[in-house]
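Colleague: Got a predicted structure plus its sequence, pasted below:
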Amino acid sequence: MNKQKRKKEVQVSKMAGLTPGSLIHIGEQKTEHIKITVIDYNESQFQEFETKYVDECLKLRNKPTVTWINVDGLHKIEVIEKLGNCFEFHPLLMEDILNTSQRPKFEDFSNYLYLTLKMLDINRKDSSIESEQISIIIGKNFVLTFQEKEGDVFNLIRDRLRHAKGRIRKQGPDYLAYSLLDAIVDNYFAILENIGDRISGIEDEIIDNPPQHTLKTINILKQDLITIRKSIWPLRDTINGIQRSENVLIHKSSALFFRDVYDHTVQVIDTIETYRDIVSGMISIYLTSLSNRMNDVMKVLTIIATIFIPLTFIAGVYGMNFKYMPELDSPLGYPVIVISMGIIAVVMLIFFKK
Amino acid sequence: MNKQKRKKEVQVSKMAGLTPGSLIHIGEQKTEHIKITVIDYNESQFQEFETKYVDECLKLRNKPTVTWINVDGLHKIEVIEKLGNCFEFHPLLMEDILNTSQRPKFEDFSNYLYLTLKMLDINRKDSSIESEQISIIIGKNFVLTFQEKEGDVFNLIRDRLRHAKGRIRKQGPDYLAYSLLDAIVDNYFAILENIGDRISGIEDEIIDNPPQHTLKTINILKQDLITIRKSIWPLRDTINGIQRSENVLIHKSSALFFRDVYDHTVQVIDTIETYRDIVSGMISIYLTSLSNRMNDVMKVLTIIATIFIPLTFIAGVYGMNFKYMPELDSPLGYPVIVISMGIIAVVMLIFFKK
Amino acid sequence: MNKQKRKKEVQVSKMAGLTPGSLIHIGEQKTEHIKITVIDYNESQFQEFETKYVDECLKLRNKPTVTWINVDGLHKIEVIEKLGNCFEFHPLLMEDILNTSQRPKFEDFSNYLYLTLKMLDINRKDSSIESEQISIIIGKNFVLTFQEKEGDVFNLIRDRLRHAKGRIRKQGPDYLAYSLLDAIVDNYFAILENIGDRISGIEDEIIDNPPQHTLKTINILKQDLITIRKSIWPLRDTINGIQRSENVLIHKSSALFFRDVYDHTVQVIDTIETYRDIVSGMISIYLTSLSNRMNDVMKVLTIIATIFIPLTFIAGVYGMNFKYMPELDSPLGYPVIVISMGIIAVVMLIFFKK
Amino acid sequence: MNKQKRKKEVQVSKMAGLTPGSLIHIGEQKTEHIKITVIDYNESQFQEFETKYVDECLKLRNKPTVTWINVDGLHKIEVIEKLGNCFEFHPLLMEDILNTSQRPKFEDFSNYLYLTLKMLDINRKDSSIESEQISIIIGKNFVLTFQEKEGDVFNLIRDRLRHAKGRIRKQGPDYLAYSLLDAIVDNYFAILENIGDRISGIEDEIIDNPPQHTLKTINILKQDLITIRKSIWPLRDTINGIQRSENVLIHKSSALFFRDVYDHTVQVIDTIETYRDIVSGMISIYLTSLSNRMNDVMKVLTIIATIFIPLTFIAGVYGMNFKYMPELDSPLGYPVIVISMGIIAVVMLIFFKK
Amino acid sequence: MNKQKRKKEVQVSKMAGLTPGSLIHIGEQKTEHIKITVIDYNESQFQEFETKYVDECLKLRNKPTVTWINVDGLHKIEVIEKLGNCFEFHPLLMEDILNTSQRPKFEDFSNYLYLTLKMLDINRKDSSIESEQISIIIGKNFVLTFQEKEGDVFNLIRDRLRHAKGRIRKQGPDYLAYSLLDAIVDNYFAILENIGDRISGIEDEIIDNPPQHTLKTINILKQDLITIRKSIWPLRDTINGIQRSENVLIHKSSALFFRDVYDHTVQVIDTIETYRDIVSGMISIYLTSLSNRMNDVMKVLTIIATIFIPLTFIAGVYGMNFKYMPELDSPLGYPVIVISMGIIAVVMLIFFKK
């Protein structure tokens, strides 16, 4: 899993030498079909449909209502390109959407804003952490989102839109974008909850008597934290960038909301750093536990050996076949020696007790 | 304990996908009833009562006296909401009050100021560190404080208000807020005193002959320091934010006082960093102590083994049953061999002394 | 290999005490002949030729077309000097081109811009990382590049120029410089891919049963990362410098492109830091694996020794030659002792199981 | 000693909940009586006396001469309070003087400047590092200094004042304050000299054959460095604050002198960091030395054991009592076996040499 | 050697309590006689002489030619003082020149500029790194340099001056100062070359089979790096200070040259940091090597012991003297037992192979 991630990251090399602006999908294909979902709304109207044709959703472009076009799957370049051309996006922006190894970033193209970040998920099968890139483009009356595959954390937002819950239907595209961002960041907490549980699990077994696979478990945990950190760390600057942006597409009234997401992101980063601290401490505790156990093993060996080696020597002495060994002929010889051995053993044991 | 803390921290996931601004209590319920205490004062008047109904304390809203409303317990959302609506607080602010996993922060809503931080306490039973979130809202003629449960560090402030000690009755809400902040920060020193004592305790036992549970003790100490640090570290920026705030709610004359709290906070953080340094040094000292002890154990084994193994070999040689072994028949054989063994043992011992 | 690099780095000492501005080639000579390649183009025209004489390429100086002069090999100082004089470059700039131990940097000489960075490559033979310095000078209608030896990552750019692919023929020298920079940075990803593969390889063998040479492999990997980091880290500031440069030689429209390269560079640096983290964790995992294995070895020794040493002692006792040992004469003596020994061994084994 | 320091640091908890501005002495009482020393001078006049009554020294307040009032001992609050009231100091300033667990800091109260820092000393008895807080207040025509106990590093300054050496009598209170600061910082070098000697001492014994108490010695050294660092580190910002202060109490001509002290402080901090580096390296060297020694011990054991265990086995074989063992009856049996044993031993030894 | 350095550093304590501005030489006397060398030049004239009398060189003060006065040896305070008075230097500047434990720094005294830094050298005898302080003062038509002892890195500059090589004779004192600075920084590369060689030497022996003295060698190397780093690190800010200085004594045209030295300094610092990284990695590699070797030793012991201990036990059993041991009387007893032992040994060996 981790290896695959590492692979993806550097597949940018495929792109090396290409004309800048030439579109190519970087990353593995995670879904079979491209799926385009369109939601169009204002305070009084609501419309939602799914389509395979880009043209269909373009009719909505010039209506004053807010249009949210969500694209799942990035491998059909011609679809992405058509959308991009229609909205007159900069070629470098199109390239960034297709390159799924981006760092989270925010860019202000004056007519529209571009925001890319990572959506994290826990794989059901092997409980590894999976990361999916999502690109959000905010325009005057539209929001475009591009995801690598179906399935996201936005269902509750769709519900709110459908049933006009909360203020979302009364607000513009910037509020919708905020809601999406908020849902993604809130989901990070679920990931951290999972990490926290795994840490607690290891902590329980690490001090008393860590099994050998613990080292492997800690290592996987550590690498998961590195992955998560890399995905989330740059988000801080990204959201800060949105806040400081003076583009009219972000209304004054939305600033407080973005500020709130910013606070949450900082909190997530704080927690990650704390976990990293704890995990790196775990390795040294594990090492110390090993030393402790080694000490115990060696003590057992030392006690047994230092008690019996001298006694065996004494037995060896009286096993010698010299003709003239006066002790051997004495009827007291045997009991005296056996008792002496007993005394030596007891003295040794008392010595080791201390 | 630590696990519970970690749990709480990430329960924000409960909130994931909710409409921003929809109120929900994040954290465990720490008290059964909500308790509202109201103190209303100016230089000449003083009034204090406890109530269960929000309405009762609202009468005081429009009086020019300073009103301090303290709420213990956050689980009854309707109470908090009613208060919030009456004072016309921003929905995000209400959300922050109820979310007890906040980082310390300061926000200026122009008509009122919002400040949240952590109150630390030592649990009597297992002497673990407990953290409680407190939110302070400063308005033109009121201060609102929200705590997770009853019991706080403000009793001396209440006394001063009751008996008009010091200048507190002559000053406005900003001075009251400062006093509360000061009491919380001063209490951090008591926590550090406790940590300091625990460090001294470990230090005494770590170098000479550390018992095995020491590792566990150090680890708990380390995690407590991580928790405290996480609670206090952001406070520096928070208080700095208050100082630099140009809101008229903070009078010029109070600036020096906030500066003073700032200095104390920096001192607390300094001490925490020093303790972290010491504790992380402890682990390597513990590891070295283990190595030292292992060395001692191995030395005993080596000395005993290297002395007796050769001697036992010699005894074994003369225990062989060969027919023709001239030494065995000589009457001097036995004494010569025994004396030789003695000499070998003495030579070995002298060698090991060096 | 690493040693050679280290050597090169400090050969600047050769230069010590020389007149500043006196030209000397610092670094090893990597090619036999100097090779000068000239590409001259605008939207409609294209011309490409190779030459040995500097004069030939100077004719193009005053034409309004964009001229890209590439020089492979730096050891013939007179050639470099002639070029420099003709373009009226500052002596210190000439010195910098010849000193191949430069840090990546950007300098604005107002009439032309100077940019130097490292091109990384993987040696086919021993798969070590090799670094080559490249200097890029951007003028009003020319780009000069100086490389240490033939072979580079620009072939696709040359192709695009030849066949007028993309927008490159329509743009000025700043776009060409950007394209070169982009090709170099994209190539870094290929290097990282190689490093990532090597990390995965080590990870597989490190936890279970690391062979002794693993330590050597990790160490080489670590030093490669140090080398790469040192080559790329300063590039961030360098490209940032180009972006912020207000020189008219960089057109407004190119800013976005340089921004894109900047993002890629940051991503490269991020990945390097992550790899460094992983590799430094590997050493402690390796050390822990060793301890684990030592523990296993010691356990085998301890079990065998503590079982057989007491048994041997018992056998030794009944090997003594005392005249009066009643057990020896009893017909039950032998079977009783052998059974006792069996019981002791079994008890010991059960004890160790726990 | 270290424990005491740690205790003092957190005694601020005593203060928790007190009215801000209520005076209380934080720290241990280090002297029995308060001692007030007054020096009053200008270029032509000089007067010096000791007194127990505050009033006596107040007469000098309105004279244009420079008055230096030094107070040793902080436990008599009424004395300090009287002084403070007379000079009209801010209550928080008075609180800071009495709280001996302050961080070094500089505060500008516009009519006077407040500066607090630590004076370090080496305890004669157990050569531990002791720290004493000193507060300096600079006014228009006075300097007030508050120390915890008698004995300081200012005797040479007093001498210079008495005998009008140097320029000190011609300058104002800012120059006097500078001289005091300079004396304190210069004294830090003496402390570092002591630390340096202790480091050299440990270095000598650590590599060859470190005794067990070395670990304790390194640990004490490390903690002393932590203490010193904590005392001096904030001084950098403090002195920087004085330099940048635009208060007229600091004359332009004195700026250079404060700059000089600043440079010395930076140098002290540099040296402390270097020492910390060295000391933290020592622990890993100590650990490595232990491993080395363990290796040596184990080698001895292994050589002796692997040589004699096989030989003892052979002797054991020929000690068996089988009726039919042809070797036993051969007259060559014994010499052949003894010679074989010798050959095995020699072969083993040669093997271990390699 | 290192100890001496440490000593020197803190001898500033000698100065403690002295009148600021009173001149005292801090550091060891490294030369017997003070030597003053004067070079006076402009584009057409050149004059060079050596003298013992300060007065002689003062005649040149008012001539418009550039005068370079170099003083070797700082222990004759009256000579330094005379020079200082004549050029009207600030007393603190004179103090700084004499105090050889300065950090590199730059100070602008408006009429002249003061620059102090360290000249490093490798001691021929024990190849330790030696550091010598050099002070450079740049005036309108003079450059003064103060060194601790004879011998420097400026001979090539003197040659260039004598033979009017390069542009040096055509430029002012700022260019001369730059040349000196450049020579010193270039010399750092020679020092790094030496360190690099020593690192390569250790690297070769560390992984395979490190001798015990390696630890000592690494430690000395590490401390040398600490020393060098401390000498060079502040130089970055120092040269930056010169660059940003707006004093007319630094001509615009020289700025580029100082920029060049700055780049070299950054490169030196980069290399030092890389070396520190490598050296600190070495210690953990050394420790791991030790563990590896210990593992090998223990394996030998374990294999020998676990094979022979059971066999010896068996031999012991048949060495018992029981009357009724049926095996002993059987003619097959001996061969069966010997063959069984052989089988056990072979099985054990096969087990250990795995």
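Modeller: Structure's in. What do you need?
Colleague: Mind checking the pLDDT average for the helix or strand where A:Asn70 lies?
Modeller: In the assignment (DSSP states H and E), A:Asn70 maps to strand A:66-72. Taken as a whole, strand A:66-72 has a mean pLDDT of 92.
Colleague: Which elements pack onto the helix or strand just after that strand?
Modeller: Moving toward the C-terminus from strand A:66-72, the next helix or strand (DSSP H and E) is helix A:77-86. With contacts taken as 3 or more CB pairs under 8 Å, 6 or more residues apart in numbering or on different chains; DSSP states H and E, helix A:77-86 sits against helix A:54-58, strand A:66-72, helix A:91-98. C-betas here are computed from N, CA, C, even on glycine.
Colleague: let's go with 7 Å and repeat that
Modeller: Under the contact criterion of 3 or more CB pairs under 7 Å, 6 or more residues apart in numbering or on different chains; DSSP states H and E, helix A:77-86 touches helix A:54-58, helix A:91-98.
Colleague: How far does the shortest one sit from its chain's centre?
Modeller: Taking the mean of its C-alpha atoms, helix A:54-58 sits 36 Å from the chain's own mean (CA atoms, centre = their mean, to the nearest Å).
Colleague: cool, and stretch A:220-232?
Modeller: 4 Å.
Colleague: pLDDT averaged over it - what is it?
Modeller: 89.
Colleague: could I get it in PDB with only the CA atoms?
Modeller: Coordinates of the C-alpha atoms in stretch A:220-232 are reproduced here as PDB (Å, rounded to 0.1, in the frame of the first residue of the first chain):
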ATOM      1  CA  ILE A 220       3.300   1.100   9.600                       C
ATOM      2  CA  LEU A 221       1.700   3.600  12.000                       C
ATOM      3  CA  LYS A 222       4.700   5.900  11.700                       C
ATOM      4  CA  GLN A 223       4.600   5.800   7.900                       C
ATOM      5  CA  ASP A 224       0.800   6.400   7.900                       C
ATOM      6  CA  LEU A 225       1.400   9.500  10.100                       C
ATOM      7  CA  ILE A 226       4.100  10.700   7.600                       C
ATOM      8  CA  THR A 227       1.600  10.300   4.700                       C
ATOM      9  CA  ILE A 228      -1.200  12.100   6.500                       C
ATOM     10  CA  ARG A 229       1.100  14.900   7.700                       C
ATOM     11  CA  LYS A 230       2.400  15.400   4.100                       C
ATOM     12  CA  SER A 231      -1.300  15.600   2.900                       C
ATOM     13  CA  ILE A 232      -2.500  18.000   5.500                       C
END
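Colleague: Name the residues that touch it?
Modeller: Under the contact criterion CB atoms under 7 Å, 6 or more residues apart in numbering or on different chains, stretch A:220-232 has outside partners A:2, A:5, A:118, A:120, A:129, A:131, A:188, A:191, A:195, A:198-199, A:202, A:268-269, A:272, A:275-276, A:279, C:270, C:274, C:277-278, C:281.
Colleague: The strand holding A:Asn70 pairs with which strands?
Modeller: strand A:35-41 (antiparallel), strand A:142-147 (parallel) (DSSP bridges).
Colleague: and the angle for that strand with helix A:77-86?
Modeller: 160 degrees (axes from the mean of the first three to the mean of the last three CA atoms, to 10 degrees).
Colleague: Of the strands paired with strand A:66-72, flag the one that's most buried.
Modeller: Highest mean neighbour count of the strands paired with strand A:66-72: strand A:142-147, a mean of 22 (counted as mean count of other CB atoms under 10 Å in any protein chain shown).
Colleague: how about A:Val54, what does it touch?
Modeller: Residues in contact with A:Val54 (CB under 7 Å, 6+ apart) are A:79, A:82-83.
Colleague: hang on, the earlier thing: looking at the contacts of stretch A:220-232, which are in helices?
Modeller: Counting by DSSP state H, the contacts of stretch A:220-232 place A:2, A:5, A:188, A:191, A:195, A:198-199, A:202, A:268-269, A:272, A:275-276, A:279, C:270, C:274, C:277-278, C:281 in helices.
Colleague: Any quick ChimeraX command for the buried ones out of the contacts of A:Val54?
Modeller: Per 16 or more other CB atoms under 10 Å in any protein chain shown, the buried members of the contacts of A:Val54 correspond to this ChimeraX selection:
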select /A:79,83
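Colleague: And the contacts of A:Val54, which is closest to A:Ile137?
Modeller: A:Leu83 (9.7 Å; CB to CB).
Colleague: Once you drop chain neighbours, what's closest to that closest one?
Modeller: A:Val54 (5.5 Å; CB to CB, 6 or more residues apart in numbering or on different chains).
Colleague: And for A:Asn292?
Modeller: Nearest to A:Asn292 is B:Gln212, by CB to CB, 6+ apart, at 6.0 Å.
Colleague: dump the residue contacts of the closest residue to A:Val317 other than its chain neighbours.
Modeller: The shortest distance from A:Val317 to any non-neighbouring residue, by CB to CB, 6+ apart, is to B:Ala315 (4.9 Å). Taking CB under 7 Å, 6+ apart, we find B:Ala315 in contact with A:313, A:316-317, A:319-320.
Colleague: now do 8 Å
Modeller: A:313, A:316-317, A:319-320, B:341 (CB atoms under 8 Å, 6 or more residues apart in numbering or on different chains).
Colleague: So which of those residues belong to helices?
Modeller: Using DSSP H, the contacts of B:Ala315 in helices are A:313, A:316-317, B:341.
Colleague: if I look at the nearest residue to A:Lys323 once chain neighbours are set aside, how far off is D:Val261?
Modeller: Nearest residue to A:Lys323, sequence neighbours excluded (CB to CB, 6+ apart): B:Asp329, at 5.5 Å. Distance of B:Asp329 to D:Val261, computed by CB to CB, to the nearest Å: 93 Å.
Colleague: Show me which of the two is the more surrounded one.
Modeller: The neighbour comparison of B:Asp329 against D:Val261 (other CB atoms under 10 Å in any protein chain shown) goes to D:Val261, with 22 against 12.
Colleague: now, of the helices and strands packed on helix A:77-86, which is deepest in the fold?
Modeller: Using mean count of other CB under 10 Å, helix A:91-98 ranks as the most buried of the helices and strands packed on helix A:77-86, with a mean of 20.
Colleague: and that helix with strand A:142-147, angle?
Modeller: Going by the same axes, to 10 degrees, helix A:91-98 makes 50 degrees with strand A:142-147.
Colleague: Is there contact, residue-wise, from helix A:91-98 to chain C?
Modeller: Yes: Helix A:91-98 reaches chain C (CB under 8 Å from any CB of the partner chain) through A:Leu92.
Colleague: Read off the pLDDT value for the residue nearest to A:Lys323.
Modeller: 82.
Colleague: returning to what we had before: what count of nearby residues applies to the residue nearest to A:Asn292?
Modeller: B:Gln212: 15 neighbours (other CB under 10 Å).
Colleague: With A:His25 instead?
Modeller: 18.
Colleague: mind listing what A:Glu246 touches?
Modeller: Per CB under 8 Å, 6+ apart, neighbours of A:Glu246: none.
Colleague: OK, contacts around the closest residue to chain D within the stretch 51-200 of chain A?
Modeller: Closest residue of the stretch 51-200 of chain A to chain D, CB to the nearest CB: A:Ile199 (27.6 Å). Contact analysis of A:Ile199 by CB under 8 Å, 6+ apart lists A:221, A:275, A:278-279, A:282, B:6.
Colleague: any idea which of those is closest to chain D?
Modeller: Distances from chain D to the contacts of A:Ile199, taken as CB to the nearest CB, are shortest for A:Met282 (19.9 Å).
Colleague: Would you mind confirming that the closest one is in contact with A:Asp204?
Modeller: No: between A:Met282 and A:Asp204 there is no contact, the gap being 11.6 Å when judged by CB atoms under 8 Å.
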